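Colleague: what follows is a protein structure lacking sequence information:
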């Protein structure tokens, strides 16, 4: 019997693993550095893993909910989630986005990643396209590919604001949606009301021209993590064919609990069918439903959140260090990332130079934006201060 040369692992997955997230690569290399030199000698800015503890009200509510032994408490539920939780979330989304939603327009999900996957599963036919402005979260490409679509990156302006003209030139008959992430990972930029209104007008015109709705998808896990003087405009208010997804990972510091939701505009095209598709996608993608325990908990702590003042203090601290070292960057308005320009064209090479200073960052290539690098400042203040001399030395090496 001849031995087959066919790989056990699908070729697509082999290719994906080879081009997989730079974030994880740097995180893993950081573990090696920490093992070699000690964690206290390494400045690890590679992973956007919130380090603040959840609010006290979350912990108390979690303990109370976990103690409930009512009959059927751990049973299956509707695939869209608990109705009472969805009702409370609908009320909050209605306030935030200035559009009146009901519980039926909310689908509980396994985080924003689960939310995006059920959205793409529900919207995409083979080879249809999702437009996303650069820089963008690298996993978007994998999520779109999961559902036989194509992610089409477009350039942004130098300050990372939307280039409406670039988006307009990219829209075609295969365009199904434009995907936004604001506050943005990795830039920390918040798209303005003016930009969003212009985008909404463009999408309305394009929908009419191509005779099918082009959706606006908003990925908002950092919506409540904004700094003084900044606000996140209500996307649902500006465009009826809009869908928002978010998670509680960042504002409650519970990324491992995998809990979030999708909100559909009440005037969305073919809304009944879309909601049915989202609910079915939740089931058949294997999520079945969002975690029951976490649904019950977050439904009771919707007004709670971590102390964003801590992140703002760290942002200001790192701003001072990067300016002293001579880096060019846009000060983030939200989230917990900087995305400076690299002082040499090869961002991967510069990240390696920082690594020699025991500073772990992620090259902008991993976010579709070469010539930049990402710094995740969800770390202790002492780590930020310890990085000062390393950032300075790396800059001096290329002068």
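Modeller: Perfect, thanks for sending it. No experiment lies behind these values; they were computed from the predicted model shown.

Colleague: ok, and the closest non-adjacent residue to residue 372?
Modeller: residue 364 (3.2 Å; Cβ to Cβ, 6 or more residues apart in numbering). For glycine as for every other residue, the C-beta is placed from the backbone atoms N, C-alpha and C.

Colleague: the one you found contacts residue 345, correct?
Modeller: No. Applying Cβ atoms under 8 Å as the test, residue 364 and residue 345 come out as separate, 11.0 Å apart.

Colleague: how far does stretch 303-315 sit from its chain's centre?
Modeller: 18 Å (Cα atoms, centre = their mean, to the nearest Å).

Colleague: ok, now stretch 348-355?
Modeller: On Cα atoms, centre = their mean, the centre of stretch 348-355 falls 25 Å from the chain's centre.

Colleague: in it, which residues are buried?
Modeller: Within stretch 348-355, the residues scored as buried using 16 or more other Cβ atoms under 10 Å are 350-351, 353-355.

Colleague: is residue 246 in a helix, a strand, or coil?
Modeller: Secondary structure, DSSP: H, G, I helix; E, B strand; the rest coil: residue 246 is strand.

Colleague: sorry, back to before: and for residue 364 and residue 345, which residues touch both?
Modeller: 370-371 (Cβ atoms under 8 Å, 6 or more residues apart in numbering).

Colleague: the more surrounded of those two?
Modeller: Taking other Cβ atoms under 10 Å, residue 364 and residue 345 do not tie; residue 364 has more neighbours (26 against 10).

Colleague: any idea how far residue 348 is from the more buried one?
Modeller: Distance, residue 364 to residue 348, by Cβ to Cβ, to the nearest Å: 9 Å.

Colleague: could you find the closest non-adjacent residue to residue 302?
Modeller: Nearest one to residue 302, counting by Cβ to Cβ, 6+ apart, is residue 92 at 5.3 Å.

Colleague: wait, that neighbour sits on residue 301?
Modeller: No. Under the criterion of Cβ under 8 Å, residue 92 makes no contact with residue 301, lying 11.3 Å away.

Colleague: of those two, which one has the most company?
Modeller: A count of neighbours by other Cβ under 10 Å puts residue 301 above the other of residue 92 and residue 301, at 19 against 14.

Colleague: right, and the more buried one touches residue 251 too?
Modeller: No. Using Cβ under 8 Å, residue 301 is not in contact with residue 251; the gap is 10.2 Å.

Colleague: thinking again about what came up before, which of the buried residues of stretch 348-355 lies closest to residue 25?
Modeller: Nearest to residue 25, judged by Cβ to Cβ, of the buried residues of stretch 348-355 is residue 351 at 10.1 Å.
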